[in-house]
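> Need a 3D model of the following:
(chains A and B)
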Number of protein chains: 2
Amino acid sequence: VIISDARVAPLHGRPLARRLRRAGLATRLVTFPAGERYKTRRTKERIEDDLLRLEVGRDAAVLAVGGGVTGDLAGFVAATWQRGIPLVQVPTSLVAMVDAALGGKTAVNLPGGKNLVGSFHHPWGVYADMEALATLPEAPFREGLAEVVKTAAIADARLFEWLEGSLAPVRARRAATIETMVTRCIRIKRGIVERDPHEAGRRAVLNFGHTVAHALERVSGFRLSHGAAVAIGLCVEAGIACERTGFPSGHADRLERLLDLMGLPTRLPPTLDPRAIAAATRSDKKRRRGRARYALPVRLGSALPGHDPTVEVDDRELLRALAALRR
Amino acid sequence: VIISDARVAPLHGRPLARRLRRAGLATRLVTFPAGERYKTRRTKERIEDDLLRLEVGRDAAVLAVGGGVTGDLAGFVAATWQRGIPLVQVPTSLVAMVDAALGGKTAVNLPGGKNLVGSFHHPWGVYADMEALATLPEAPFREGLAEVVKTAAIADARLFEWLEGSLAPVRARRAATIETMVTRCIRIKRGIVERDPHEAGRRAVLNFGHTVAHALERVSGFRLSHGAAVAIGLCVEAGIACERTGFPSGHADRLERLLDLMGLPTRLPPTLDPRAIAAATRSDKKRRRGRARYALPVRLGSALPGHDPTVEVDDRELLRALAALRR
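Now for the predicted structure:
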């Protein structure tokens, strides 16, 4: 069963279904409306109703063909259909290739917060076809770059420098450059995830920028895209890191400049209320005893060391970092 | 967070919450309406909305206090809340103690079939307090005996004989007798489940009687209780086993008599259409390529051997076994 959103289905879902049928596999295509606001329990129910109608049994597999939303949603369907059937991730967006399709995280959003209901369901395989990126519009491509920058910032100083020196070919999507970039990100994420498949500790390094990003998405009513929210979130959390981990302010400047040169936002939208953002961080999954946790770098390429790379941050510190991005 | 249905909450949920609070643990009680027909995606959503309102984070645990429905539903909530938080099963019914609370299966029903959406989420612990059985009404107690009989029939001939010889103290719920019975069932199930935690093969022996039972429940619109459906299902599938595995007809008679003496139904209700039952077996999770699978015994105390203890049964064989129970 191929699960795809209505935007990606004609581009990649349907062609793949045809090829699988020609190869002799019974293949069905199930679609849902495109967009983060459809990553809900309701959409999951509708897909399940389709699976029931198509009499999809335990001997089936789900192929999630699309971006991060599709991977999360179709992955969660696969995780719970008949208590779990195999899942193959076929990411077609940059953010899905370098981040969402790897690591087994699946989920839907609740009105009160992102990814609050979900499962760990590791894919049987991940197929990333670089040619799919050719159909990706400019905005989501740029947003994928935010996760690339995050990956480099927490784990690979050389990749960060390489990105600083490869801006033109990256933005022009030169095939060899993109393949190098995607492959390095996949290797880094796989290395982190394999050592901590259920995010018991160390893997939280991947959440750099994301405590604030999730709050920004919520407070904006999901009008701010995930990638844009991550770019701003990285800048806010880099500011916090300067205060808390000794992250050099020169590194924060380089991070901000790289995101800016990639066409990503690095300033807080004036319509978003800092106090609402602070309140929203407290429904983050990483919180403990009502306090939000932040995964912070100590310098470009290195996260906080140890089993638990997160720290608690209070409202005052967060509001100061947010105010700095209002300048 | 204690999750309990509205019937069990005042009997066991609230008292346990009080004890935990006295012990210094922040404890919340979340309730839902009692009954299999509330084991739905909708009820799960409402519980999740409560967890969100109560700001339940990843550092919480769920205690499922109640019968099989509560264990399945609250277990599934725990399995997917923030991608999984720890679960403690506190079974208060006989069926939950000897069967449902063990083995990590969690799920909700769909209009088209039982337990079609769920997860494996093994409990951190299972606490079965025999005193809870004192508050259990007669009908659900009897229904729990159906799973006890099933357990003996597939795995322990001596337990089966012991049950045949212990009818009076079992039905009188003599404390020592019940504790012996429950303990033996838990040991048997644990032994089977530990060797096959995700039901990849051998564990399917536990489904004896259940392919037909699930179909009976559905066709009756869930008016037939699970225990009553299992009792009838055991008789139907014993009849099939006589034809398919050489299960001695004398053993089928003993099985039927034991269930009957325990006050359980062993005849097909005349209102249920055999063809509808046959059709309903085909949406069973155990089916492959549209055909239902049956886990059958070869004699009392022994299931089919090998990694896969199930066989495919066609409509003709099933209808013959159903007709035999119409006499």
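> Can you name the residues of chain A that neighbour chain B?
A:41, A:45, A:48-49, A:52, A:55, A:57-59, A:76, A:79-84, A:105-107, A:110, A:112-113, A:115-120, A:198-199, A:282-283, A:285-290 (CB under 8 Å from any CB of the partner chain). For the C-beta atoms, the positions are set from N, CA and C on the backbone; glycine is no exception.
> Work out the gap between stretch A:112-132 and the centre of the chain.
The chain centroid and the centroid of stretch A:112-132 are separated by 9 Å under CA atoms, centre = their mean, to the nearest Å.
> Oops, could you answer that again for stretch A:59-71 instead?
Using CA atoms, centre = their mean, the offset of stretch A:59-71 from its chain centre is 15 Å.
> ditto for stretch A:12-25
27 Å.
> Name the residues that touch it?
A:2, A:4, A:27-29, A:31, A:63, A:65-66, A:90, A:92, A:132, A:135 (CB atoms under 8 Å, 6 or more residues apart in numbering or on different chains).
> Where does the prediction get shaky in the stretch 51-200 of chain A?
Scanning the stretch 51-200 of chain A for pLDDT under 70 picks out nothing.
> What segments of it are helices?
Using DSSP state H, counting those that start in this stretch, the helices of the stretch 51-200 of chain A run over A:68-80, A:94-95, A:138-155, A:157-165, A:167-171, A:175-195.
> Tabulate those helices in JSON lines, adding columns for mean neighbour count.
Formatted as JSON lines, these follow (neighbours: other CB atoms under 10 Å in any protein chain shown):
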{"stretch": "helix A:68-80", "mean neighbour count": "28"}
{"stretch": "helix A:94-95", "mean neighbour count": "28"}
{"stretch": "helix A:138-155", "mean neighbour count": "24"}
{"stretch": "helix A:157-165", "mean neighbour count": "16"}
{"stretch": "helix A:167-171", "mean neighbour count": "15"}
{"stretch": "helix A:175-195", "mean neighbour count": "16"}
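> Could you point out which of the ones you listed sits nearest residue B:316?
helix A:68-80 (34.4 Å; CB to CB).
> Now do the closest one and helix B:68-80, the angle between them.
150 degrees (axes from the mean of the first three to the mean of the last three CA atoms, to 10 degrees).
> how close does residue A:216 get to chain B?
19 Å (CB to the nearest CB, to the nearest Å).
> Please look at that residue and residue A:234 and confirm they touch.
No. Look at residue A:216 against residue A:234 with CB atoms under 8 Å: they stay out of range, at 11.2 Å.
> more neighbours, those two?
Neighbour count, other CB atoms under 10 Å in any protein chain shown: between residue A:216 and residue A:234, residue A:234 has more, with 30 against 26.
> For the nearest residue to the more buried one once chain neighbours are set aside, report the pLDDT, please.
Excluding its sequence neighbours, the residue lying closest to residue A:234 (CB to CB, 6 or more residues apart in numbering or on different chains) is residue A:209, at 3.8 Å. On pLDDT, residue A:209 comes in at 97.
> Tell me where the stretch 201-327 of chain A has strands.
In the stretch 201-327 of chain A, strands defined by DSSP state E, counting those that start in this stretch lie at A:293-295, A:297-299, A:302-303, A:310-312, listed in chain order.
> Show me what the last one packs onto, helices and strands only.
Packing contacts for strand A:310-312, counted by 3 or more CB pairs under 8 Å, 6 or more residues apart in numbering or on different chains; DSSP states H and E, involve strand A:293-295.
> shouldn't the residue nearest to residue A:234 be in contact with residue A:227?
No. Taking CB under 8 Å as the definition, residue A:209 is not a contact partner of residue A:227, at 10.7 Å.
> These two - which one has more neighbours?
Using other CB under 10 Å as the criterion, residue A:209 and residue A:227 rank with residue A:209 on top: 29 against 24.
> Now that one, what are its backbone angles?
With angles defined as degrees, to the nearest 10, residue A:209 sits at phi 90, psi -20.
> which residues does it contact?
A:146, A:150, A:230-231, A:233-234, A:236-237.
> change it to 7 Å
A:150, A:230, A:233-234, A:237 (CB atoms under 7 Å, 6 or more residues apart in numbering or on different chains).
> That one and residue A:35, how far apart?
22 Å (CB to CB, to the nearest Å).
> Repeat that for residue A:109.
Residue A:109 is 11 Å from residue A:35, by CB to CB.
> Those two: which is more packed in?
Neighbour totals were compared for residue A:109 and residue A:35, and residue A:109 leads with 24 against 13 (other CB under 10 Å).
> surely the more buried one meets residue A:76?
No. Between residue A:109 and residue A:76 there is no contact under CB atoms under 7 Å: 10.9 Å.
> Restricted to strands, list the residues of chain A next to chain B.
Taking DSSP state E, the ones among the residues of chain A next to chain B that sit in strands are A:105-107, A:110, A:113, A:115-120.
> Only the buried subset of those residues, as a ChimeraX command please.
To isolate the buried members of those in ChimeraX, using 16 or more other CB atoms under 10 Å in any protein chain shown:
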select /A:105,106,107,110,113,115,116,117,118,119,120
